[in-house]
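Q: Quick one, fold the following:
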Amino acid sequence: MPDDGSGPVLLSACLAGVPCRYDGVAKTVEGCRAAAERDEAVPVCPELLGGLRTPRRPAEIDGGDGDDVLDGRARVVDDEGTDVTAEYVAGAHRALEIARRHGADVAVLHDRSPSCGSDAIYDGTFTGRTTSGQGVTAALLRRHGITVRPPA
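A: Predicted coordinates:
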């Protein structure tokens, strides 16, 4: 998993085996877990960093993608309609701070997440359909020059 050796990779904590997803489980990818154990990756969960708890209601971006959320044109809502945009934005900024502190210039993030989605996110209808786009954290990291990709 190491990138070009310039620093550790920022990593969605759920990929490293941390049970922090909305449903309280992990989405462990063995190579990601091993990289975190070797200190080649720094696991973060932007949702937890933003003040949300595990488990929590599932959330999706309503009205666009992560760039739209950051620009105030869309919001993140849970399946009961509660607006959790502030928590997602705060968590994205904390993840960026951690990436900078550790010198990470690559982030490997769990796709389809309203926070970490690198290429695809759920479409905001809570029907399981996806659309191209990125989550809030992925968008913020890219805006600051960090390469974002899903796990291999």
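Q: Could you check how far the residue nearest the centre of the chain is from Gly81?
A: Residue closest to the mean C-alpha point of the chain, counted by C-alpha atoms, centre = their mean, is Cys116 at 2.1 Å. Using C-beta to C-beta, to the nearest Å, Cys116 is found at 22 Å from Gly81. C-beta coordinates here come from the backbone N, C-alpha and C atoms, glycine included.
Q: ok, now which ones touch the residue lying closest to Asp111 once chain neighbours are set aside?
A: Nearest non-adjacent residue to Asp111, counting by C-beta to C-beta, 6 or more residues apart in numbering: Pro150, 4.4 Å away. Pro150 makes contacts with 108-111, 118-119, as judged by C-beta atoms under 8 Å, 6 or more residues apart in numbering.
Q: And the helix of greatest length in the chain, what's buried?
A: In the chain, taking DSSP state H as the definition, the longest helix is helix 85-102. Buried residues in helix 85-102, counted by 16 or more other C-beta atoms under 10 Å: 85, 87-96, 98-99, 102.
Q: Distance-wise, check Pro55 relative to Arg149.
A: 27 Å.
Q: Give me the pLDDT value at Pro2.
A: The per-residue pLDDT reported for Pro2 equals 48.
Q: Could you dump the contacts of Pro150 into JSON lines and include secondary structure and pLDDT?
A: As requested, the contacts of Pro150 are arranged in JSON lines below (DSSP: H, G, I helix; E, B strand; the rest coil; pLDDT from 0 to 100):
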{"residue": "Val108", "secondary structure": "strand", "pLDDT": "98"}
{"residue": "Leu109", "secondary structure": "coil", "pLDDT": "98"}
{"residue": "His110", "secondary structure": "coil", "pLDDT": "95"}
{"residue": "Asp111", "secondary structure": "coil", "pLDDT": "94"}
{"residue": "Ser118", "secondary structure": "coil", "pLDDT": "94"}
{"residue": "Asp119", "secondary structure": "coil", "pLDDT": "93"}
